[in-house]
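In: coords please:
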Amino acid sequence: MARKQFTLNTEPHVAEVGDVELKFVPEVMGDEFLDGYAALIEQQRELGAGSGDLSQIDASRLKGIVTELRSFLGKLMTQETRERFFRYVVQQRGKKPVVFTSGDEAEAHAAGLTGTVSIKDESMQLPTRVLMELLEWVAEIYGGGRPPTSSNGSVPPSPPRGIPGTGTSRSRGSTRGSGR
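Out: Numbers count the residues shown, from 1 in each chain. All right, here's what the predicted structure looks like:
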């Protein structure tokens, strides 16, 4: 009888960004990760963001991609890191501030308050380049060692097998010009 033992990660994955540690949950369910990743990649593809030339994309649509990217990454973070990464402070005059990890939750809370109320986004800001690198990193971690790709793949097929070249391989040595 064949037997194979599998282990589950129990320690958070840590990304160091400057002097800040961003911790990501040890394991995620495959469908949960793949669905979010696929939706994010599809949104980027629709806008043409995969070409690397962001100058041709409408700024408001690009902002939407960054918002989705931050949301996707946030779902993979530990609660402690999520609270640092997303921080919306609702301040009502004369009251203690209330902090939320969602802008929508902060707005809903503020809507129920009277008097002078403000919402301040104190979320961690990172360059788009770093967010994209984090995306690639989590894709490697949760995608099984490499970013997941569609079934049509991005790796070109191997060249067809044919007749090998007639050149002499350096590994086999060459008798030309050796005086033998």
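In: So, low pLDDT: which residues of this structure?
Out: 47-57, 145-180 (pLDDT under 70).
In: which stretches of it form helices?
Out: For the chain, helices defined by DSSP state H occupy the ranges 30-47, 59-76, 79-85, 103-111, 128-142.
In: can I get the ones you listed in a markdown table with distance to Gly94?
Out: In this view, the C-beta of every residue, glycine as well, is placed from N, C-alpha and C. Below are the helices of the chain laid out as a markdown table (distance: least, CB to CB, whole Å):
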| stretch | distance to Gly94 |
| --- | --- |
| helix 30-47 | 41 |
| helix 59-76 | 31 |
| helix 79-85 | 25 |
| helix 103-111 | 15 |
| helix 128-142 | 37 |
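In: so what's the residue most central in space within the chain up against?
Out: For the chain, the residue nearest the mean C-alpha position is Leu135 (1.6 Å; CA atoms, centre = their mean). By CB atoms under 8 Å, 6 or more residues apart in numbering, the residues touching Leu135 are Leu40, Leu69, Phe72, Leu73.
In: Just the buried subset of these, written out for ChimeraX, thanks.
Out: With 16 or more other CB atoms under 10 Å as the criterion, this ChimeraX line picks the buried residues out of these:
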select :40,69,72,73
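In: Now for the contacts of Leu135: which two are most distant?
Out: Taking CB to CB as the measure, these span a maximum distance of 9.5 Å, between Leu40 and Leu73.
In: Roughly how far does the residue nearest to Thr116 when sequence neighbours are not counted sit from Gly115?
Out: In space, Thr116 comes closest to Arg93 once its chain neighbours are excluded; the distance is 4.2 Å by CB to CB, 6 or more residues apart in numbering. For Arg93, the distance to Gly115 (CB to CB, to the nearest Å) stands at 6 Å.
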